[in-house]
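Novice: curious how this folds, go ahead:
(one chain, ligands or ions: 2)
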Amino acid sequence: MYRLKIHTHFAAAHNLINYQGDCENLHGHNWKVEVTVTARELDKAGLGIDFKILKRETKAVLDLLDHKYLNEIEPFVSNSPSSENIARFLFEKLTARLNTDNVTVYKVNVWESEYACASYLAD
Ligand SMILES: Nc1nc2c(c(=O)[nH]1)N=C([C@H](O)[C@H](O)COP(=O)(O)OP(=O)(O)OP(=O)(O)O)CN2
Ligand SMILES: [Zn+2]
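Specialist: Ligands and ions are numbered 1, 2, ... in the order given. Below you'll find the predicted structure:
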């Protein structure tokens, strides 16, 4: 089994729902996103999956969020756009785009600051 990881980022505004404190007010983050996949086998070029594909598909999903107000985008209208929920959203979108017989999206890490990260992993 091989593990491959890319990292990228997006910027967006949000406010937490059902939260009492500063974060219920409109504010923004530059989220760092790490996507880890597993591959059972390598192709003839020695790749589990081309990093170019991993980066392209991750960008396609992050374009849904980048420079947006997350609370206006489903599922975050009623589901608080916490880093946990963002990680799950990205995981599910990427799973739909990337999973094959060979490749499985394993984990999405979402860093909302240098010090705070939420992850969503395959069961
Ligand atoms: N488990 C989680 N906790 C918090 C989340 C989250 O997504 N998951 N999100 C927030 C807010 O979005 C907030 O913006 C966090 O910002 P941050 O600058 O990290 O928090 P502080 O302002 O408290 O920064 P300090 O440097 O610690 O004062 C909050 N929690
Ligand atoms: Zn925040």
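
Novice: doesn't Thr36 make contact with Gly7?
Specialist: Residue 7: His, not Gly. No. Contact criterion CB atoms under 8 Å: His7 and Thr36 do not qualify, at 9.7 Å. For every residue, glycine as well, the C-beta is placed using N, CA and C.

Novice: distance check, the residue lying closest to Asn18 once chain neighbours are set aside against ligand 1.
Specialist: Of all residues not flanking Asn18 in the chain, Ser80 sits nearest, at 6.3 Å (CB to CB, 6 or more residues apart in numbering). Computed as CB to the nearest ligand atom, to the nearest Å, the Ser80 to ligand 1 distance reads 8 Å.

Novice: now do Gly21
Specialist: To ligand 1, Gly21 is 7 Å away according to CB to the nearest ligand atom.

Novice: neighbour count for His7 and Thr36, which is higher?
Specialist: Neighbours around His7 and Thr36, counted as other CB atoms under 10 Å, are more numerous at Thr36. The numbers are 19 against 13.
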